[in-house]
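K.L.:
Have a look; sequence and predicted model below, questions after that.
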Amino acid sequence: MATYDYDIGIIGGGAAGLTVASGAAQLGAKTLLVEKEAVLGGDCLHFGCVPSKTLIKTAEVYHQMKHVARFGLPPVDVPPVDFKAVAERIQSVISIIQKHDSQERFCGLGAQVEFGDPQFTDKHAVRLNGKTYSAKNWVISTGSSPSLPPIKGLDRTPFVTNREIFSLDQLPESMIILGGGPIGTEMSQAFCRLGTKVTVVNRGDQILGKEDKDMAAAVLEVLKSEGVIFHLDSTIEEVKDLGNRKEVIIKDKTGRISHLNAEVILVALGRAANVKGLGLESIGVEIGSRGIVVDNRLRTSQKHIFAAGDVNGGYQFTHAAGYEGGIVVSNAIFRLPRKASYTYLPWCTYSQPELASIGMNEKTATAAGIEYSVWSEAFKDNDRSLAEDEPVGKVKMLLDKKEKPIGIQILGPHAGDLISEWVAVLNGKVKLATLAGAIHPYPTIAEINKRVAGSFFATKIFSEKVQKGLKFFFNLKGRACTLEE
Ligand SMILES: Cc1cc2nc3c(=O)[nH]c(=O)nc-3n(C[C@H](O)[C@H](O)[C@H](O)COP(=O)(O)OP(=O)(O)OC[C@H]3O[C@@H](n4cnc5c(N)ncnc54)[C@H](O)[C@@H]3O)c2cc1C
């Protein structure tokens, strides 16, 4: 039988790779983790979730400072933002979390960490820093990078991506964001709130293309009201470097050409899997248009090599990468054939209000030919939302024809946290009646979850049929008061 240096080798120390490394090492597998950057943590920690959410919070506080009068407070003169200080705060948050993702911590768990650019030399071995490392199983978890489509002039025009945007020297006076997906949307609001004149160009006719139109349109309205300019249904024809300013030439659906210009261009046009330079083609690992091709156990075309996280082109979220890391540990270490299932994968766009989702929305239910009914509850009717001055948005609950919840979307304050109750309800197959009947503390924003579940039962309980039955059995006398028309 062939012998290998390690039970498992992992390439890429981000959300997926660190989950596998920690699980495998703690289970007693001899584990190697290889990372090409100088530190562990991946995109989420260094250029993604952590810096973006830290920036969003800073922008929210600054926005509140400018609008204190809404809270009955005396208006204040707010000085302009020093982006260097903002970037320092971002870095300080990253460095606190970095300790959790340190080489020492992983060594303590039992995993050997090596830094460098590995390349497969055969199906079980990589060459790294002049040495060969072999492992029985491998995991590719190299993540993704900003996708750079072949736009005319982009290769000759300076632009920034998520890798540079959080460490700018100063706040740009103006910015054109290419792409109205989650990254473009979050950044448009954050920079606009900090004082940058922001314009977003989006090819589709709605931002946040995966979401239902009504929910995405409500986010758009909020951003527009705060000053973000949108060009929807528009294609990017060319970008040009004008020295201190950059030009973006766009064409709308009527064929009209517009010339936009700004100090900075932020490219947020999707993600491309990091598959280059690993020698995957030479060992027969199939790569598709979205990334490494995997089966539902996350095995590549070489069954002892797994691909987890952004690199397999599936759901590109940190929690999806972590979940997939767990699936790999089951399959590769426990040898338990465990399949990945994304039916109840939640996600959230951290605009303000946030837009969170789990299960099916109207778009996906319609595409799947599923009959559904929609139940909703507005935040303007939630007492705590009013106290917090957060009245925008609603919860939308989809029930199938058996009246079971199949999906929830929440647009509103703390939607990313509110969706967690639905994570438990849907995964635990909790009955809607249990949620509707459970006591929630008052006044909380989360009461809205109980209310939307209750709205479904209210139509049944307070129906004419029930009223008639009660009158008949208990001799109820009916209305004591009726409003005049
Ligand atoms: C601006 C932005 C905001 C985001 N916000 C959120 C959010 O709020 N919530 C959320 O869930 N997700 C968010 N994401 C997505 C999230 O960051 C990714 O889904 C997540 O990082 C994917 O984890 P991963 O392990 O697949 O890849 P990564 O975390 O990127 O890890 C991949 C690692 O592999 C390394 N690597 C790459 N190539 C090689 C190589 N050849 N050899 C060795 N190592 C290599 C990389 O250096 C990196 O450390 C955001 C992304 C961006 C860009």
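P.N.:
Here it is on my side, so go on. Numbering: from 1, shown residues only.
K.L.:
any idea how far Lys123 is from the residue of the stretch 251-400 of the chain at minimum distance from the ligand?
P.N.:
As assessed by Cβ to the nearest ligand atom, the ligand sits closest to Gly309 within the stretch 251-400 of the chain, at 2.2 Å. From N, CA and C alone the C-beta is placed, and that goes for glycine too. For Gly309, the distance to Lys123 equals 21 Å [Cβ to Cβ, to the nearest Å].
K.L.:
now do Trp347
P.N.:
Trp347 is 35 Å from Lys123, by Cβ to Cβ.
K.L.:
re earlier: which one of Gly309 and Lys123 is surrounded by more residues?
P.N.:
Gly309 (38 against 14; other Cβ atoms under 10 Å).
K.L.:
Look up how far Ala218 lies from the residue lying closest to the more buried one once chain neighbours are set aside.
P.N.:
Nearest non-adjacent residue to Gly309, counting by Cβ to Cβ, 6 or more residues apart in numbering: Ala16, 3.1 Å away. As for Ala16, its distance to Ala218 is 33 Å (criterion: Cβ to Cβ).
K.L.:
more neighbours, those two?
P.N.:
Ala16 (34 against 19).
K.L.:
my guess is the residue nearest to Gly309 meets Gly326, correct?
P.N.:
No: look at Ala16 against Gly326 with Cβ atoms under 8 Å: they stay out of range, at 9.6 Å.
K.L.:
Where does Gln98 sit: helix, strand or coil?
P.N.:
helix (DSSP: H, G, I helix; E, B strand; the rest coil).
K.L.:
From the ligand, how far off is it?
P.N.:
Distance of Gln98 to the ligand, computed by Cβ to the nearest ligand atom, to the nearest Å: 12 Å.
K.L.:
How much space separates that residue from His46?
P.N.:
8 Å.
K.L.:
Settle it for me: which of the two has more neighbours?
P.N.:
His46 (23 against 16).
K.L.:
Ser167 versus that one, what's the distance?
P.N.:
According to Cβ to Cβ, His46 and Ser167 sit 10 Å apart.
K.L.:
Show me what the lengthiest helix in the chain is in contact with.
P.N.:
Taking DSSP state H as the criterion, the chain has its longest helix at helix 49-66. Residues from elsewhere that reach helix 49-66 (Cβ atoms under 8 Å, 6 or more residues apart in numbering): 44, 76, 78, 81, 86, 89-90, 93-94, 97, 162, 166, 183, 186-187, 189-191, 193-194, 226, 318, 350, 352.
K.L.:
Among those residues, which are located in helices?
P.N.:
Those of the contacts of helix 49-66 lying in helices (DSSP H): 44, 86, 89-90, 93-94, 97, 183, 186-187, 189-191, 193-194, 226, 318.
K.L.:
and the spatially closest residue to Thr300 that is not a sequence neighbour, helix, strand or coil?
P.N.:
Nearest residue to Thr300 in three dimensions, chain neighbours excluded: Val285, at 4.8 Å (Cβ to Cβ, 6+ apart). With three-state DSSP as the basis, Val285 sits in coil.
K.L.:
May I have the phi/psi pair for Val285?
P.N.:
phi -90, psi 120 (degrees, to the nearest 10).
K.L.:
Adjust the sequence numbering to begin at 698 for everything that follows.
P.N.:
In the new numbering, first residue 698, that becomes Val982.
K.L.:
Can you give me every residue that contacts the residue of the stretch 748-897 of the chain found nearest the ligand?
P.N.:
In the stretch 748-897 of the chain, no residue comes nearer to the ligand than Gly840, which is 2.6 Å away by Cβ to the nearest ligand atom. Residues in contact with Gly840, defined by Cβ under 8 Å, 6+ apart, are Gly709, Gly711, Ala713, Gly739, Asp740, Asn971, Gly1006, Asp1007, Val1008, Ala1018.
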